[in-house]
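Colleague: Can you look at this prediction? I've put the sequence above it.
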There are 2 protein chains.
Amino acid sequence: MLPRGRPRALGAAALLLLLLLIGFLLFRGDLDCERTEREASGGGAGPGSLPRSLTPRVPPDERPRPRGTAAFDGDPPADPGGRNGSDCTPPRPRPPKCELLQVAIVCAGHNSSRDVITLVKSMLFYRKNPLHLHLVTDAVARNILETLFHTWMVPAVRISFYNADELKPQVSWIPNKHYSGLYGLMKLVLPSALPPDLARVIVLDTDVTFASNIAELWALFAHFSDKQVIGLVENQSDWYLGNLWRNHRPWPALGRGFNTGVILLRLDRLRRAGWEQMWKLTATRELLTLPATSLADQDIFNAIIKEHPWLVRPLPCVWNVQLSDHTLAERCYSEASDLKVIHWNSPKKLRVKNKHVESFRNLYLTFLEYDGNLLRRELFGCPRPPPPGAEQLQRALAQLDEEDACFEFRRQQLTVHRVHITFLPHKPPPPQPHDVTLVAQLSMDRLQMLEALCRHWPGPMSLALYLTDAEAQQFLRFVETSVVLSARQDVAYHVVYREGPLYPINQLRNVALAQALTPYVFLSDIDFLPAYSLYDYLRASIKQLELGSGRKAALVVPAFETLHYRFSFPSSKAELLALLDAGSLHTFRYHEWPRGHAPTDYARWREAQAPYHVQWAADYEPYVVVPRDCPRYDPRFVGFGWNKVAHVVELDAQEYELLVLPEAFIIHLPHAPSLDISRFRSSPTYRDCLQALKDEFHQDLSRHYGAAALKYLTALQQPRGPT
Amino acid sequence: MLPRGRPRALGAAALLLLLLLIGFLLFRGDLDCERTEREASGGGAGPGSLPRSLTPRVPPDERPRPRGTAAFDGDPPADPGGRNGSDCTPPRPRPPKCELLQVAIVCAGHNSSRDVITLVKSMLFYRKNPLHLHLVTDAVARNILETLFHTWMVPAVRISFYNADELKPQVSWIPNKHYSGLYGLMKLVLPSALPPDLARVIVLDTDVTFASNIAELWALFAHFSDKQVIGLVENQSDWYLGNLWRNHRPWPALGRGFNTGVILLRLDRLRRAGWEQMWKLTATRELLTLPATSLADQDIFNAIIKEHPWLVRPLPCVWNVQLSDHTLAERCYSEASDLKVIHWNSPKKLRVKNKHVESFRNLYLTFLEYDGNLLRRELFGCPRPPPPGAEQLQRALAQLDEEDACFEFRRQQLTVHRVHITFLPHKPPPPQPHDVTLVAQLSMDRLQMLEALCRHWPGPMSLALYLTDAEAQQFLRFVETSVVLSARQDVAYHVVYREGPLYPINQLRNVALAQALTPYVFLSDIDFLPAYSLYDYLRASIKQLELGSGRKAALVVPAFETLHYRFSFPSSKAELLALLDAGSLHTFRYHEWPRGHAPTDYARWREAQAPYHVQWAADYEPYVVVPRDCPRYDPRFVGFGWNKVAHVVELDAQEYELLVLPEAFIIHLPHAPSLDISRFRSSPTYRDCLQALKDEFHQDLSRHYGAAALKYLTALQQPRGPT
């Protein structure tokens, strides 16, 4: 409805009319006050006329109120809009129920992606309105966040991505010393980068945390006068006052200046006002005398506001409580009844020194560790299009029968787990034609395997971790404090968030498999340690066997096990055979389930000098190396049992050769039975449900491969041991 | 300041004066509206005159508004007080910053104690005001909650306990069919049970969850007219309309009646109005024709309100969104912009059927699994006396040097862990003079030991579990789904909430030890399984050795270990010796640290027929049975190392005899190294810090026992193996 993008050439009369119309549409709720305000500021000059009125000096009554203690007043209870002293109209603490709120965030890299998720969790926790998030991202962040939001399926949240790389040229000319790098500066180009029909947006730094409903912040737009275009909270430090040390020369600012961690932007007015030209002009001029920006976009915003003070709408201090080392924020939060947003604006982030930092940290940790699945809450009474896939999922879930003994299995199969790929910084391996990634999955109780695995496998790994949000943080600390793990950049950790009682083993494997970036993958399990030479040996074998030329083969890595904790890992096949003969090692699951690996033919392997073919047989579940484009694991197998067997059946059905490698081996280390296993293995219905899954798997197999799949069914019906 | 407890004999003139004063003090913020309301309701009759105006019929305009859709309106944005249509004054969404809010909750038994903690967590999460909780409890709940709040140390929360058993006689005469039993009815006696100077209180059921700041609810007191004494939300079901089935005869109520899960009580006015007499009269009269209450206190409250409708202040529906099977709450929450309190008022609780239950459950799970430690947040700008011990703790923490290499150790030692004793229903064992409780501690990764332990030890156990709040819920489900565990009522589980990076092993042991209720305790570790006969054998030995007569002795239970997972537990000493000879068993830590158990003299034990004395030696750490009043473990030993050794030194220093039992044994099962161990054992400073702890321990020992402690220091200085 609001006029936008009108040519500046419109005459003064048309502008006046326009202004009245805008005023009516925007401010009809509190018309009296707004009229008074407009009249006080001189009337006529509408938003469209801004560029013409760009004069360095303004009458004193037009300036934002002085930056003294008044700005630290917090939010008086009855005046959430921050319009102190106005009591003539009922306040508008919130926008109408169901109004869509727009939020923009710039985010780049692995670590910022983690940060932005915590911010989003805090925002979603308190929100009552539909949200549209506009994410300006580099390729890394986009990849992470796209997967995350796609699998998160939060109702009434829409996501749009914008390519930060394309925006770089617009800001890369500005010399900048701030740790946010180029990405901080990108906030300046949002009016042109965001869709032209987007009129208002809340812009947030990734290091802010909400402690209140974002709708209350959005409601402050209603209190902008018709000249105001940028809502900001005053800077809560003395930085811009200058003279903090010898030669401390900050950029120009009004008083203490403003902080740009939280911004309300009237994009429509900024575009009409020629914002792009305005900020570039100011930046260019200041850079004639100043060598670089110290605080990125914030310096430039402040310089513009110093020049055009009427552009800024000061916001109550509680909307950006700044927790830097020398913060003055205490004045704000001890007087206010309520903190709304905290801002970790020190490079030290949570390690900042501040007498109340423990309390702020608790608030942050709340959302850091909060189970994001719980945010899949509907907004009651706000019909919105459901997230992609959600409707289908709801229908499938609705069809489940709660009385079915296998209900938990069925539900677990349908569960869409929230996935955070490359949770930690990761450098993809340089492309090599025979390279191979170790693929595995684990939960918290196997974390202690990671260091040993890194020592045994010097190549790339893609690991899926099944964790709660809180465990993901423990995992992060675990990696950070491990010298071995933090030295590795070629291990990609993909967090799959826990939901439901059964371990979704094949879904996890598929996540890890999908993220492997080399042409080959070694499909292993976390309890196995590979021979020290395996990585090199596999690459050599792949090359030698000419798998690259489209040969469909699965290379079998023979598996062994030890029942002892204290165990000296064999450095060669000869040593391994000696241990096997001494009874310290066994072929894998020799005592409980020899069928699983019998086709590998360990007797032949002892003597083998070259790779040899083996035939598929029922229940065969070897550990194999295959091309990355191999069949995916069947996600119907949740919990424990038959999950690998089904995958090997698929390989065989798709006519993969099975080739055993004579020098390859892995050894399984002992571990206490996991809780998941003990809980469900003891359940009497478990076997029945697993059997039902197998039957359905075979039906699907017949449907897909026809008569060729008959052999799997026949094999299954032969007498067999325990599964 | 407000007049309270004035004799009812005051004349009409004085009353009028009083009323004007009250009106002025209470309603000066919105004087105009209140005056209008008062005038409309007939003026003069003040609160003191209530008993005189108790008439069964009132003029229609005095009644609460009809119970139709209007009551489901939710909260119009600008009118949090629920006074629809009033727009003449700014609303008062909150009481003044730092005002103390009063809350009363009735709570009895183990399960309700868990519920009330979730409620309190939700309340603390959103609160900005100091709170005073008035808890009416039975002995079980008091024991649990007293320990919990004492260790929780939440700033600006005061707790008072009231003995529910003493209140029982006042309500036990009322026949009642509701599942809340007598305890529900106790809400009726709060005006006399709570301190006479307490004028207002919010009364909550244990099955409500806050989704907003309780101060907003408190603020609704300001909107009570001078006759209103009870604030309630309308009942969101058709129960009180009657005729739900044949012979469905509910208690009398106004329309749909009111729900008493959330009540605002003007205690001062109720007392003056002769509340006790009033409710007893009504209940007695109704019980002449009705056999019993169906919904406990709620039936009686409704009958009273039906008789005296001017007593009730209807509250906006969002303050008690009722989630029963046939709830009408959807009308409320889909129109409201905001849910304030949800109420699981079905006996099915979270398993209730309701099309939006998943979203409500998410809100509930948020607080169920929320890390309660994070609620130790200060209220900025509200100076309140700190919780007991908090100041001392702050001082001690402030003295720590963050640069000290052992800082983490020091801080962990000082950490006060939140403790929830008897997390699950527990029946103390009947007192027996030679009974013995197995005492141990564990974290999540040892949960799978519990079933086996229960099979091996049929006697009482006191177990400390080191868990996060979310893990505590997993633990609860684990026990509930285990036939073995849920059959045992003599196992007490004490949850100690995780905080800090080091496992506080001795603090955990002390919690479990302090909660043991038998005269003797067997101080074991969770990875050991006792001989099947051990419980009986220990009791017989205690009796035979006459430990009851004040003999200071520690009975040593020899410890063994297996390195194999699959292991057939020996059913006798003879079988154990055979396994030992066969090399399937070893004496405990024989390979790594034989000093720890060498003084037990395993060679002698093989042949022993009777208990024999052994002497303390350096690093001895046997598993022992001792009287319950034995020395506590030294909490300075956190993480791993020397924690038991120090305890045995204390026993020796206090001249406990060390007697090895010839038929007793326990066997350690293998397990993967825990994360805590692997994380810290690999740290180079770990050993140095442990050494520092040991040195300090010996200094304290010398200080305490003088020259007698010299032998420990001398022993320590002899050459030794790894610790």
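Modeller: Alright, I've got the coordinates.

Colleague: so where does residue A:494 fall, helix or strand?
Modeller: Remark: residue A:494 resides in strand A:491-497, with elements defined by DSSP states H and E.

Colleague: Now find how far off-centre that strand is within its chain.
Modeller: 11 Å (C-alpha atoms, centre = their mean, to the nearest Å).

Colleague: how about that strand, does it get close to chain B?
Modeller: No. If you take C-beta under 8 Å from any C-beta of the partner chain as the test, strand A:491-497 misses chain B, and the best it gets is 12.5 Å. For every residue, glycine as well, the C-beta is placed using N, CA and C.

Colleague: can you list contacts of that strand?
Modeller: Applying C-beta atoms under 8 Å, 6 or more residues apart in numbering or on different chains, the contact partners of strand A:491-497 are A:371-373, A:417-424, A:426, A:454, A:460-469, A:472, A:475, A:479, A:485, A:504, A:507-508, A:511-512, A:515, A:517.

Colleague: The residues you listed: which ones sit near chain B?
Modeller: A:371, A:373, A:468.

Colleague: now that we have those residues, which one has the most neighbours?
Modeller: residue A:468 (24 neighbours; other C-beta atoms under 10 Å in any protein chain shown).

Colleague: Are stretch A:332-347 and chain B in contact anywhere?
Modeller: Yes. Interface with chain B: stretch A:332-347 contributes A:333, A:334, A:335, A:336, A:337, A:338, A:339 (C-beta under 8 Å from any C-beta).

Colleague: what's the closest non-adjacent residue to residue A:540?
Modeller: Distances taken as C-beta to C-beta, 6 or more residues apart in numbering or on different chains put residue A:434 closest to residue A:540, at 7.9 Å, once the chain neighbours are dropped.

Colleague: ok so, going back, so can I have CSV of the residues of stretch A:332-347 next to chain B showing pLDDT?
Modeller: Shown next, in CSV, are those (pLDDT from 0 to 100):
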residue, pLDDT
A:333, 88
A:334, 86
A:335, 86
A:336, 85
A:337, 78
A:338, 85
A:339, 89
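
Colleague: And the buried ones among those, selectable in PyMOL?
Modeller: Per 16 or more other C-beta atoms under 10 Å in any protein chain shown, the buried members of the residues of stretch A:332-347 next to chain B correspond to this PyMOL selection:
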select buried, chain A and resi 333+334+335+336+337+338+339
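
Colleague: Format the residues of stretch A:332-347 next to chain B as a markdown table; extra columns: secondary structure.
Modeller: Putting the residues of stretch A:332-347 next to chain B into a markdown table (DSSP: H, G, I helix; E, B strand; the rest coil) gives the following:
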| residue | secondary structure |
| --- | --- |
| A:333 | helix |
| A:334 | helix |
| A:335 | helix |
| A:336 | coil |
| A:337 | coil |
| A:338 | coil |
| A:339 | coil |
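
Colleague: what's the closest of the residues of stretch A:332-347 next to chain B to residue A:592?
Modeller: Residue A:592 lies nearest to residue A:339 out of the residues of stretch A:332-347 next to chain B, by C-beta to C-beta, at 57.6 Å.

Colleague: Now do the closest one against residue A:487, distance only.
Modeller: 40 Å (C-beta to C-beta, to the nearest Å).

Colleague: can you check residue A:473 too?
Modeller: From residue A:473 over to residue A:487 (counting by C-beta to C-beta), the distance is 21 Å.

Colleague: who has more neighbours, those two?
Modeller: residue A:473 (16 against 9).

Colleague: what about the residue nearest to residue A:540, how many residues close to it?
Modeller: With other C-beta under 10 Å as criterion, residue A:434 counts 18.

Colleague: Which residues are in contact with it?
Modeller: Here residue A:434 is in contact with A:519, A:520, A:539, A:540, A:542, A:543, A:547, A:548 (criterion: C-beta under 8 Å, 6+ apart).

Colleague: tell me the secondary structure for the last one?
Modeller: Put simply, residue A:548 is helix when judged by three-state DSSP.

Colleague: Next, count neighbours for it.
Modeller: 13.

Colleague: What separation do you get for it and residue A:428?
Modeller: 19 Å.

Colleague: Residue A:357 reaches residue A:323, doesn't it?
Modeller: Yes. Contact criterion C-beta atoms under 8 Å: residue A:357 and residue A:323 qualify, at 6.8 Å.

Colleague: Check the stretch 201-350 of chain A for the residue nearest chain B and tell me.
Modeller: Closest residue of the stretch 201-350 of chain A to chain B, C-beta to the nearest C-beta: residue A:334 (3.4 Å).

Colleague: Need the single longest helix in chain A, by residues.
Modeller: In terms of residue count, the longest helix belonging to chain A (DSSP state H) is helix A:684-705.

Colleague: For it, give me every contacting residue.
Modeller: A:405-406, A:409, A:634, A:636-637, A:639, A:641-642, A:646, A:649, A:653, A:680, A:709-710, A:712-713, A:716, A:723.
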